[in-house]
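1. Pasting the sequence and the predicted model now:
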Amino acid sequence: MASGDAGVTKPKWLEELSPNGKVVRVNLRPYLQSGGDIDKLFEAFVRTSQEFRSVGGQLELYTEWAELMAAGNEISLAQLEIAGYFEEKRGQGYPAIHYVSTYKEAYHLAYRVVAPMYLWG
């Protein structure tokens, strides 16, 4: 369900995380309130972690875009700061990133990241 799909209404509980719509965030509270199936979501979450693989180089392309946006003052990070951050994460094999506890406590985060092809199968 990429953003450009004509005539498709995206559910309010779904946020696309990749430009091609192949990775999404499912916000749990609105998903469940709209009648979403928790077992189906769990299966999609597990399958995504075990089976989903992005196209090679895609993450590198996104980091380049972020660096270009920083260089053009389109985001509020310095280009050297963001380039250093991505270089560090690249050297670590792009580990999962977690929110700091103050952010989690303030916003009561409740979501799962999945490949929608496993959610709607």
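-> In hand now; what should we look at?
2. What's the per-residue pLDDT of A6 here?
-> At A6, the model reports a pLDDT of 57.
3. Can you pull out the residues in contact with stretch 111-121?
-> 1, 14, 17, 21-28, 40-41, 43-45, 47-48, 51-52 (C-beta atoms under 8 Å, 6 or more residues apart in numbering). In this view, the C-beta of every residue, glycine as well, is placed from N, C-alpha and C.
4. how distant is it from the center of its chain?
-> 11 Å (C-alpha atoms, centre = their mean, to the nearest Å).
5. quick one: average confidence on that stretch?
-> For stretch 111-121, mean pLDDT rounds to 89.
6. Ok, stretch 61-79 next?
-> 86.
7. Quick check: end-to-end length of that stretch?
-> Terminal residues of stretch 61-79 are spaced 15 Å apart (C-alpha to C-alpha, to the nearest Å).
8. all helices for the chain, in order.
-> Per DSSP state H, the chain carries helices over the ranges 28-33, 38-51, 58-71, 79-91, 101-107, 116-120.
9. which of the ones you listed is buried the deepest?
-> helix 116-120 (a mean of 17; mean count of other C-beta atoms under 10 Å).
10. what about the helices of the chain, which gets the closest to K10?
-> helix 116-120 (10.2 Å; C-beta to C-beta).
11. In space, not sequence, find me the middle residue of the protein.
-> L17 (3.7 Å; C-alpha atoms, centre = their mean).
12. Identify the residue nearest that one in space, chain neighbours excluded?
-> V23 (4.6 Å; C-beta to C-beta, 6 or more residues apart in numbering).
13. ok, now which ones touch A96?
-> Under the contact definition (C-beta under 8 Å, 6+ apart), no residues are listed for A96.
14. Now it. Its backbone dihedrals?
-> A96 adopts backbone torsions of phi -60, psi 140, taken as degrees, to the nearest 10.
15. What separation do you get for it and V113?
-> 10 Å (C-beta to C-beta, to the nearest Å).
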